[in-house]
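[1] starting from these lines, generate the structure:
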Amino acid sequence: MREVAARRRMVRVCIGVLALFIVVGVAGYPVYVAPPTAEPAPADAIVVLGGPGEGRYDYGIDLADRGLARELVFSDPHQRERSPELLCENGSGHARYTVTCFTPAPATTKGEIVEINRLAERRGWQSIMVVTFRPHVARTRYLFDRCYHRGHVSVLASPERVGIGQTAWQYVYQTVGFVRSFVQRGC
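    Numbering: from 1, shown residues only. Presented below is the predicted three-dimensional model:
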């Protein structure tokens, strides 16, 4: 009798966990997998946020090569092997835009926004395109809406594909980032 009751509890727990995963997956889909993004359009600067993958850097260069901005800015909070600084040292190869690199302090999206605010003030930017990867788009938009006060911001997702394992990890990581942003006031 006890074995039957224990099995029933185990089945209920498994069904509950499965239901939770389904609810979280469905609720997170429009936030982390398919968030609305802006279309590339002319701006004063293209700002590429740091993070996993190199596709965002290549996408930022592609946007600048298309003549969409005269300034291309790379953030590299984690100083990766192919860091944006290498791109800065080697130059863009094009005279149509300048390249600026920085390492934010602290190494967070908010730290990046602090430096971007400084650059925007010094350089008189009225509009920027911010490039990140798809799971980070919604939180990026939220933080820029809250902490960037220098003009219009468009948030674009780099076209790089994000695997299922990385997507699952980003559900957790970005959700924790949202919670931290809600709890911590200010920028």
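[2] which phi and psi does residue 41 have?
    Note on residue 41: backbone dihedrals following degrees, to the nearest 10 are phi -150, psi 160.
[3] pull the residues that contact stretch 37-44.
    For stretch 37-44, the external contacting residues (CB atoms under 8 Å, 6 or more residues apart in numbering) are 63, 66-71, 123-129, 134, 137, 151-152, 154-157. C-beta: built from backbone N, CA, C; applies to glycine.
[4] okay, which residue is most central for the chain?
    Most central in the chain under CA atoms, centre = their mean is residue 136, positioned 3.4 Å from the mean C-alpha point.
[5] next structured bit after the helix or strand bottoming out on mean pLDDT in the chain?
    None of the helices or strands of the chain scores lower by mean pLDDT, DSSP states H and E than helix 84-90, at a mean of 55. Scanning forward in sequence from helix 84-90 by DSSP states H and E, the next helix or strand is strand 98-102.
[6] mind giving me the packing neighbours of the very next helix or strand once past that following strand?
    Later in the chain than strand 98-102, the nearest helix or strand by DSSP H and E is helix 109-123. Counting by 3 or more CB pairs under 8 Å, 6 or more residues apart in numbering; DSSP states H and E, the packing neighbours recorded for helix 109-123 are strand 45-48, strand 71-75, strand 98-102, helix 137-147.
[7] quick one, the lengthiest helix in the chain and helix 137-147 angle?
    Secondary structure of the chain per DSSP state H: the longest helix is helix 2-28. Using axes from the mean of the first three to the mean of the last three CA atoms, to 10 degrees, the inter-axis angle of helix 2-28 relative to helix 137-147 is 60 degrees.
[8] tell me the contacts of the residue nearest to the centre of the chain?
    So residue 136 contacts 49, 51, 109, 170, 174 (CB under 8 Å, 6+ apart).
[9] before we move on, the earlier item: just the helices and strands packed on helix 109-123: most buried one?
    The highest mean neighbour count among these, using mean count of other CB atoms under 10 Å, belongs to strand 45-48: a mean of 28.
[10] mind listing what residue 30 touches?
    Counted by CB under 8 Å, 6+ apart, residue 30 has zero contacts.
[11] quick check: it vs residue 165, distance?
    The gap separating residue 30 from residue 165 is 20 Å, by CB to CB, to the nearest Å.
[12] of the contacts of residue 136, which one scores lowest on pLDDT?
    Least confident entry in the contacts of residue 136, by pLDDT: residue 51, with 81.
[13] next one: it from residue 135, what distance?
    From residue 51 over to residue 135 the distance is 9 Å, taken as CB to CB.
[14] compare these two (neighbour count), which wins?
    Each of residue 51 and residue 135 has its neighbours counted (other CB atoms under 10 Å); residue 135 has more, 24 against 19.
[15] can you tell me the closest non-neighbouring residue to that one?
    residue 170 (3.6 Å; CB to CB, 6 or more residues apart in numbering).
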